[in-house]
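**Student:** Model the structure of this input:
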Amino acid sequence: MANMMKMLKKAASMQEELMKVQGQLAEKTVDFSSGGGMVTATVSGDGSVKRVRIDPKVVNPGDVELLEDMVLAAVEGAQKAAREMTSAEMSKLASEMGLPGLPGLGM
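**Tutor:** Okay, the predicted model is just below:
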């Protein structure tokens, strides 16, 4: 019974720590640029797109398709960087708690 209580306390502690880390990640952001820096996307650790910046020199009515491709590339790159940041933080947390990596949690 004592082992069961110990496990329950550890699980509750892990859940609190996980929620804390997820909150911290939601506040962190990563940037990714495409088109040689002409388009930059900023994504938070929870995957939300926070900002897209476009260099005014790129806006040309004849190049809308190119601009759309650059925006898409910047957003996809920033989302990938955010996933990598989240995975690294979750792996670090699992390691600190003595747990093996957990693929379903991005670890």
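**Student:** which residues in the protein form strands?
**Tutor:** Secondary structure of the chain, counting by DSSP state E: strands at 29-34, 39-44, 49-54.
**Student:** Determine which of those strands approaches Leu72 most closely.
**Tutor:** Proximity to Leu72 (C-beta to C-beta) singles out strand 29-34 among those, at 8.2 Å. Where C-beta positions appear, they are placed from N, C-alpha and C, glycine not excepted.
**Student:** so what secondary structure elements neighbour the closest one?
**Tutor:** Strand 29-34 sits against strand 39-44, helix 64-96, with contacts defined as 3 or more C-beta pairs under 8 Å, 6 or more residues apart in numbering; DSSP states H and E.
**Student:** nearest to Leu8, of these?
**Tutor:** Taking those one by one with C-beta to C-beta, helix 64-96 is closest: 18.8 Å.
**Student:** Could you give me the buried positions within the closest one?
**Tutor:** For helix 64-96, the buried set under the neighbour-count rule, 16 or more other C-beta atoms under 10 Å, comprises 67, 70-71, 73-75, 77-79, 81-82, 85-86, 89-91, 93-94.
**Student:** low-confidence ranges in the protein?
**Tutor:** Within the chain, the ranges that satisfy pLDDT under 70 run 99-107.
**Student:** From the centroid of it, which residue is nearest?
**Tutor:** Ala82 (2.4 Å; C-alpha atoms, centre = their mean).
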